[in-house]
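Asker: Everything below, folded, please.
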Amino acid sequence: MKICTKLSLISVALLSQLNASESVNSIQEMFSNGEVNGQIRLGYYNVDLDANSDTQSVTAIGGQLKYETASLNGINAGVAMFTAHSINSLSGDKDSDKFSDFLTSSEGSYTELAEAYLNYSIDNFNIRIGRQLLDTPLADGDDIAMTPNSFEAIVASYDIKDLGLSVIGANIQRMQGADAGYENVLKHSWMDTGDSGTNMLAVVYAKDTVEASAWYYDVDKSAKAFYMDASKEFEIYPYHHITFGVQYLSESEEDSSGIEGSIAGMMLDANYYNFNAMIAYNDINIDDSKTIFEGFGGGCSYTNMETTTAGAIDTDSSSYLISLGYSLDAIDFSLSYGNFEADIENNGHLQEVDAGISYALNDGQADISLTYVHIDDKIVANNDSDEIKVFANYNF
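Answerer: I've put the predicted structure just below:
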């Protein structure tokens, strides 16, 4: 999962990368000047589940390999393969239920043609058709395992640079990735995003120290959702900032899907020298016998943590997050505490603590991270857990 504090800038960054390829003058140059890039990832995951006193683990190797052509008359294309394979000798035994499929699949591996798109850009307009990465509030990559989610979609955008505005429209048909699940080696799960897909329309503003965005999603035969966020950065003095943000998500059901509710939130994020601190709050309202939809991916609530999301309790509830961070050259330390509590008395609550350390090498060409997650569940008996995640990445 991801903690969303600056969705507007994330979305603008996504739009900018749609038109980032080199321009050439011939079909031959279009392919000869294309670029190959990717990532090799080594991952380890271990979870201790109190519910059945079991420890499950997996070690995997995989990553991404992508080729993107140069741009000819505004047209370019790209393809990318995502893959992951468990290292059996360093993983739990499948026969004794000690194996975790979190990083791979129930079969221990997957390989996907995760990106395959055609892109066209002219002036401030861009359209991309095919399998691609998205990073929007309710449809995002959520890169929490070996590879991110990707989507089959048509995405069009128009950028009004002088005003700091971008208008985005999309039709999203299917998604794949850890959030969609991997069934087995031969048939991976490309999950439909609604009976006939999802239509999306958004306006994003980012200029100077203000960011704001508004998003509308129509998930066919499931829900209509409206999301907005806004933030303002205040400079205390050079290199020291405080950012205040608010967000709101409202959903109404379609065809008796059972999705009906809202999430409201606010956050305060402060940077002082190498220190960072954030406090956040979300209030969740869900109609009786209904549920909340947090998106195709990690979701966008301020109090989302490594494992638990703001709507995890699935009833009227509230949550708060306190997060601290410290950077020392190429090393980052983080510590977060989240509390998620039902509004109904005696319905209980759950708490999550995340602690992490990461180290970047060669200006980000390689990095390694370790994250520890502890969940104390006072709602479901014997449902506490401890997780360890280790990732090493090499980017090329």
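Asker: Can you get me the centre-to-centre distance for stretch 254-266 and its chain?
Answerer: Put simply, stretch 254-266 sits 20 Å off its chain's centre (C-alpha atoms, centre = their mean, to the nearest Å).
Asker: Name the residues of that stretch that are buried.
Answerer: Glu254, Ser257, Ile259, Glu260, Gly261, Ser262, Ile263, Ala264, Gly265, Met266 (16 or more other C-beta atoms under 10 Å). Where C-beta positions appear, they are placed from N, C-alpha and C, glycine not excepted.
Asker: Please apply the same query to stretch 87-102.
Answerer: Ser91, Gly92, Lys94, Phe99, Ser100, Asp101, Phe102.
Asker: Give me the subset of the buried residues of stretch 254-266 lying in helices.
Answerer: Counting by DSSP state H, no part of those is found in helices.
Asker: which stretch of helix or strand covers the residue nearest the centre of the chain?
Answerer: The structure's the chain has its C-alpha centroid closest to Asp142; by C-alpha atoms, centre = their mean the separation is 2.4 Å. For Asp142, there is no host helix or strand (DSSP states H and E).
Asker: One more: Phe82?
Answerer: Phe82 belongs to strand 75-86 when assigned by DSSP H and E.
Asker: show me the contacts for Glu260.
Answerer: Counting by C-beta atoms under 8 Å, 6 or more residues apart in numbering, Glu260 touches Ala223, Glu251, Ser252, Glu253, Ile286, Asp287, Lys290, Thr291.
Asker: Weed out the non-buried ones from those.
Answerer: Neighbour counting with 16+ other C-beta under 10 Å marks Ala223, Glu251, Glu253, Ile286, Asp287, Lys290, Thr291 as buried within the contacts of Glu260.
Asker: gap between the last one and Gly311?
Answerer: So that's Thr291. According to C-beta to C-beta, to the nearest Å, Thr291 stands 8 Å off from Gly311.
Asker: what residues are shared contacts of those two?
Answerer: Common contact partners of Thr291 and Gly311 (C-beta under 8 Å, 6+ apart): Gly261.
Asker: Quick one: distance of stretch 167-179 to the chain centre.
Answerer: That offset, for stretch 167-179, works out to 12 Å (C-alpha atoms, centre = their mean).
Asker: Could you pull out the buried residues of it?
Answerer: Neighbour counts using 16+ other C-beta under 10 Å place Ile168, Ala170, Asn171, Ile172, Gln173, Arg174, Met175, Gln176, Gly177, Ala178, Asp179 of stretch 167-179 among the buried residues.
Asker: ditto for stretch 318-330
Answerer: Neighbour-count burial for stretch 318-330 [16+ other C-beta under 10 Å]: Ser318, Ser319, Tyr320, Leu321, Ser323, Gly325.
Asker: Please list the outside residues in contact with that stretch.
Answerer: Contacts of stretch 318-330 (C-beta under 8 Å, 6+ apart): 3, 274-284, 301-303, 305, 310, 332-341, 343, 359-361.
Asker: from those, which would you call buried?
Answerer: Buried residues within the contacts of stretch 318-330, counting neighbours by 16+ other C-beta under 10 Å: 3, 276, 278, 280-284, 301-303, 305, 310, 332, 334, 336-341, 360.
Asker: if we can go back for a sec, using JSON lines, please lay out the buried residues of stretch 87-102 together with secondary structure and pLDDT.
Answerer: Listed next are the buried residues of stretch 87-102 as JSON lines, based on DSSP: H, G, I helix; E, B strand; the rest coil; pLDDT from 0 to 100:
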{"residue": "Ser91", "secondary structure": "coil", "pLDDT": "93"}
{"residue": "Gly92", "secondary structure": "coil", "pLDDT": "92"}
{"residue": "Lys94", "secondary structure": "helix", "pLDDT": "86"}
{"residue": "Phe99", "secondary structure": "strand", "pLDDT": "93"}
{"residue": "Ser100", "secondary structure": "coil", "pLDDT": "92"}
{"residue": "Asp101", "secondary structure": "coil", "pLDDT": "90"}
{"residue": "Phe102", "secondary structure": "coil", "pLDDT": "92"}
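Asker: Which members of those residues are the farthest-apart pair?
Answerer: Lys94 and Phe102 (13.6 Å; C-beta to C-beta).
Asker: what do those two both touch?
Answerer: Common neighbours of Lys94 and Phe102 (C-beta under 8 Å, 6+ apart) do not exist.
Asker: about what we covered before: nearest to Asp377 among the buried residues of stretch 254-266?
Answerer: Ile263 (20.8 Å).
Asker: what sits against the closest one?
Answerer: Gln247, Tyr248, Leu249, Asn282, Asp283, Ile284, Asn285, Ile292, Glu294, Ser301, Ala310, Gly311.
Asker: Helix, strand, or coil at the third one?
Answerer: Read that as Leu249. strand (DSSP: H, G, I helix; E, B strand; the rest coil).
Asker: Same question for the fifth one.
Answerer: Of the three states, Asp283 takes strand according to three-state DSSP.
Asker: does it really touch Met266, like I thought?
Answerer: No - taking C-beta atoms under 8 Å as the definition, Asp283 is not a contact partner of Met266, at 9.3 Å.
Asker: What separation is there between the residue nearest to Gly311 when sequence neighbours are not counted and Asn339?
Answerer: Spatially, and ignoring its direct neighbours in sequence, Gly311 is nearest to Ile292 (4.2 Å; C-beta to C-beta, 6 or more residues apart in numbering). Remark: distance between Ile292 and Asn339 (C-beta to C-beta) = 18 Å.
Asker: That concludes my questions; thank you for your assistance.
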